[in-house]
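Asker: Turn this into a model:
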Amino acid sequence: MLSVLTLIVAACGSASESAIGEAAVPGSSIEVAEMSTPSNSYITLEQYEANKAAYSAEKVVLFFNAQWCSTCKSARTNFEANLADFPDDLTIVLVDYVTALDLRKTYGVTLQHTFVQVDVNGKELAKWSGSKTIEEVVENIN
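Answerer: Below you'll find the predicted structure:
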């Protein structure tokens with residue numbers, strides 16, 4: 001019985017990852033599509049915090065979003081489908097609105113689907129809500 005249960009659990013895990021094509025962002029409830037090639041333009045908060053210096057010459061935009069937010073999902077889907085269209089100097093960092101309470105306080109973020117452009121020191125340069133395309137993000141950055 002144990003081997004059958006192990007087989008079912010293993011099959012469910014691999015089937016859901018490959019069939020759905022999504023993987024949970026580590027330490028978060030936000031899911032992003034698996035990318036066949038890594039993109040420095042669209043990263044998790046964990047990736048950004050692990051090496052902030054690597055993004056010092058870029059325009060960094062924190063995207064506070066929630067798994068349950070339909071407009072956030074639309075934006076994530078659009079970003080993931082258009083990775084090749086990201087400007088070379090733009091990085092969007094996925095931030096889980098639900099779990100990133102300290103960052104929300106730091107930047108005064110009170111609703112999901114909020115974008116905050118930050119400099120290399122974390123200083124807020126711009127803040128807005130609702131962008132769903134890369135072009136809309138670019139229009140709002142300084």
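
Asker: In terms of helices and strands, where is the residue sitting nearest the centre point of the chain?
Answerer: Nearest to the geometric centre of the chain sits residue 94, at 2.3 Å (CA atoms, centre = their mean). Element membership of residue 94, judged by DSSP states H and E, is strand 90-96.

Asker: ok, that strand: who's next to it in the sheet?
Answerer: Strand 90-96 has these partner strands in its sheet, going by DSSP bridges: strand 42-44 (parallel), strand 59-65 (parallel).

Asker: Which SSE is immediately downstream of the longest one?
Answerer: To tie it back to what came earlier, the one meant is strand 59-65. Going down the chain from strand 59-65, the next helix or strand is helix 70-81, by DSSP H and E.

Asker: hmm, who's touching that next one?
Answerer: 30, 32-33, 35, 42, 63, 65-67, 86, 92, 94, 97, 112-113, 130-134 (CB atoms under 8 Å, 6 or more residues apart in numbering). C-beta: built from backbone N, CA, C; applies to glycine.

Asker: Just give me the neighbour total for residue 98.
Answerer: Look at residue 98: counted by other CB atoms under 10 Å, it has 17 neighbours.

Asker: Excluding chain neighbours, give the residue nearest to it in space.
Answerer: Nearest residue to residue 98, sequence neighbours excluded (CB to CB, 6 or more residues apart in numbering): residue 66, at 5.7 Å.
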